[in-house]
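Enquirer: Sequence first, predicted model second:
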Amino acid sequence: MALSLSRRMVTCALLAGSFMSLSSIASAFELAEQGKLTVAFTGDMPGSGWQDGKLVGYDGEIMQRIADKLGLKIQPALMEWSGTIASVQSGRVDVMLGTMGWTEKRTKIMTLSEPIHYFKNGIMQSTKTSWDKLSDLEGKKIGTITGFSFIPELKSIKDLQLSLYDTSDAAVRDLIAGRIDAVIGDPPVISYAIKQNPDWNMHFLAFTDNSPDFPLLTGLGQVVYGLNQKNDDLRQKMDAIIADMWKTCEMKEIGARYGLSSDVWFKPVGQNFRAGVDRPADYKLPSCAAGG
């Protein structure tokens, strides 16, 4: 009986210590709302959504796990993509997510997390066509989303007629209606939408080009989280948790629930643009391929 009581006392002490530790971590950051992690997201699946009081989707579920481990409650901030980065910069939100790709330009205005998966850009199009090169876009009516990093590269393609949309849904609707010829969007979002709607008769083909003049369109993409630069300490805490998830291949386990199961999402193939930019010169990208 005495041993049982002693164990209960130790357990209570450990729980109290754990709670105090989490509380201390939570209060250490300069947050939009103390004790809460305000997260900007678009609601585009499979990247992000909000269900039963928690973030869902690939990006969302990972962020929810991070917040839980840091002892922070998620405060959701659903918005269009065009408003997410500005909200982080102004401090209205603490972090943004939604299949955001790493770019050197974004390192100048935010502090960016470790990658949570990789991607290759490509073309959403009718199954009647098989475009997979930049030259296939010449003279075509192409839709993409306002604020996407590769827009300047798209504009430099010969005779390409570009239409900008606030949401992926709006771009896809115009594609289905025949008002545009193709959509260049978030590969996970596009692939997920096509899988959910086979009656659209659409498919997604990744670019086969590897052009140094079009690094954002044809290079290796890294999906990251963006935080206000004043919260680099928070970013480092998040990165430590993300690193552990890569080591155990938890990323791939989560990805399988959202249709991201092949190695292409979890094995970096291509130039590592981050080394020497916002990471040390000898920085290596994390990986989790088949077999762990």
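Expert: In hand now; what should we look at? Numbers count the residues shown, from 1 in each chain.
Enquirer: What's the end-to-end length of stretch 70-85?
Expert: 23 Å (C-alpha to C-alpha, to the nearest Å).
Enquirer: Let me see the ranges of the helices in this protein.
Expert: 2-27, 58-70, 81-90, 104-107, 151-155, 168-177, 187-196, 215-218, 232-247, 250-256 (DSSP state H).
Enquirer: Show me what the last one packs onto, helices and strands only.
Expert: It stands for helix 250-256. For helix 250-256, the contact count by 3 or more C-beta pairs under 8 Å, 6 or more residues apart in numbering; DSSP states H and E identifies helix 58-70 as packing neighbours. Any C-beta I mention is one placed from the backbone N, CA and C, and that applies to glycine too.
Enquirer: Need the contact partners of the helix it packs on.
Expert: Applying C-beta atoms under 8 Å, 6 or more residues apart in numbering, the contact partners of helix 58-70 are 22, 25-26, 37, 39, 41, 46-50, 54-56, 73-74, 95, 97-99, 116-117, 188, 223, 225, 237-238, 241-242, 245, 251, 254-255, 257-258, 260.
Enquirer: quick check: domain ranges of this structure?
Expert: What the TED database lists as the domains of the chain is 36-118+222-265, 122-218.
Enquirer: Could you give the average pLDDT over the longest one?
Expert: Spelled out, it's domain 36-118+222-265. Taken as a whole, domain 36-118+222-265 has a mean pLDDT of 95.
Enquirer: cool, the last one as well?
Expert: Confidence over domain 122-218 (mean pLDDT, whole number) is 95.
Enquirer: Now find how far off-centre it is within its chain.
Expert: Domain 122-218 sits 18 Å away from the centroid of its parent chain (C-alpha atoms, centre = their mean, to the nearest Å).
Enquirer: What is the neighbour count of I62?
Expert: Using other C-beta atoms under 10 Å, I62 has 25 other residues around it.
Enquirer: For stretch 145-162, buried residues please.
Expert: I145, G147, F148, S149, F150, I151, E153, L154, I157, L160, L162 (16 or more other C-beta atoms under 10 Å).
Enquirer: now swap in stretch 190-198 and tell me
Expert: I190, S191, Y192, A193, I194.
Enquirer: Looks like the third one contacts Y258 (just checking).
Expert: Yes: assessed by C-beta atoms under 8 Å, Y192 is found in contact with Y258 at 7.0 Å.
Enquirer: Overlap in contacts, these two.
Expert: By the contact definition C-beta under 8 Å, 6+ apart, Y192 and Y258 are jointly contacted by M45, P46.
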